[in-house]
Every structure is written in C-alpha cells, then in structure tokens.
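Engineer: Predicted model and sequence follow; I will ask about them next.
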Amino acid sequence: PELSEEPPAEMVKMTKSKTFQAYLPNCHRTYSCIHCRAHLANHDELISKASVQFFLMQSFQGSQGRAYLFNSVVNVGCGPAEERVLLTGLHAVADIYCENCKTTLGWKYEHAFESSQKYKEGKFIIELAHMIKDNGWE
C-alpha cells in the first residue's frame, strides 16, 4: 500500500475538536454555549418581540424553558428534519447542537405549515438554559 503524507480526514477532525469554526467579533454582544463557551450568535441576529409586531405576546419555549429566536447562528450543527406539533402548530424542525461539545441547543425551523408561522422558516431557536452572554453586557 502507498503511504500518504496527509492524515486521514477522521484524524484531522479529532485534532480540531476543541477549535471553534467561527469566532464572533469582540466588539459585539454575543451569546455562547454555556457548556464550552463556543460562540453561537451575535445579539444583532436576535429577533426581538418589538421588531416583529404580529407576535408581540408570543415568547418562545423550548423543552427546557424559555428560548430565543435568531436569524443566524455559528458553530452549530443540524440534525435531520422531522415534523413536530409545537405550541404554535405543526412544523418541520431539525435539532441543532453545538459543534464543539455536541450539546443539543434547540432547533431550526425548516418549514411551517400554517401561514401565520412562515416567518420562522430558516430561523433558529436556542434555549436560554444552554447560552451565556459574552462581550459587553454590563
């Protein structure tokens, strides 16, 4: 057999397991994984109740309590989509997890079956129990 100078892909992955894929700028308020401190989201990506008028009274709930809805996240892996009946109706969602420590953080909305819930498609729910605030929250 021929000898390769490059290690197999699995070995490269293992040596990088504690390195985050993306770092968010220190000048912005960010949310990080409470378990390993990997950056998860910039505060600017949080969808606030004030910015989405038609769901002012709605707060997001995960399986472990309150959760936030984000436009985009980093350092997060996504599982397969499945249909679930949530408090707001039937959705196709995929569990998301921290790429660094593999903790399940919440889910991604892949498809909303009710027209009033379409704004959630492509967005991410992260439970507060799995996040910590970093950078400039004083």
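Structural biologist: On my side now, so go ahead. Quick caveat: nothing in here was measured; it's all calculated off a predicted structure. Numbers count the residues shown, from 1 in each chain.
Engineer: Go ahead and confirm Cys36 touches Cys101.
Structural biologist: Yes. With contact defined as CB atoms under 8 Å, Cys36 counts as touching Cys101 (4.0 Å). Any C-beta I mention is one placed from the backbone N, CA and C, and that applies to glycine too.
Engineer: which parts of stretch 24-35 are buried?
Structural biologist: For stretch 24-35, a neighbour-count test (16 or more other CB atoms under 10 Å) marks 24, 29-34 as buried.
Engineer: Apologies, that question was intended for stretch 123-134.
Structural biologist: So for stretch 123-134, counting by 16+ other CB under 10 Å, buried means 123-128, 130-131, 134.
Engineer: Quick one: end-to-end distance for it.
Structural biologist: Terminal residues of stretch 123-134 lie 21 Å apart, using CA to CA, to the nearest Å.
Engineer: Check stretch 121-134 too.
Structural biologist: End to end - CA to CA - stretch 121-134 spans 27 Å.
Engineer: Show me the contact partners of it.
Structural biologist: By CB atoms under 8 Å, 6 or more residues apart in numbering, the residues outside stretch 121-134 that reach it are 29-35, 37, 39-41, 47, 60, 62-73, 76, 96, 98, 103-112.
Engineer: which helices and strands does the host helix or strand of Arg84 pack with?
Structural biologist: Applying DSSP states H and E as the criterion places Arg84 in strand 76-86. Contacting strand 76-86 under the criterion 3 or more CB pairs under 8 Å, 6 or more residues apart in numbering; DSSP states H and E are the following elements: strand 89-98, strand 104-112.
Engineer: Need the phi and psi values for Glu115.
Structural biologist: Slight slip there: residue 115 is Ser, not Glu. When quoted as degrees, to the nearest 10, the phi and psi of Ser115 stand at phi -60, psi -30.
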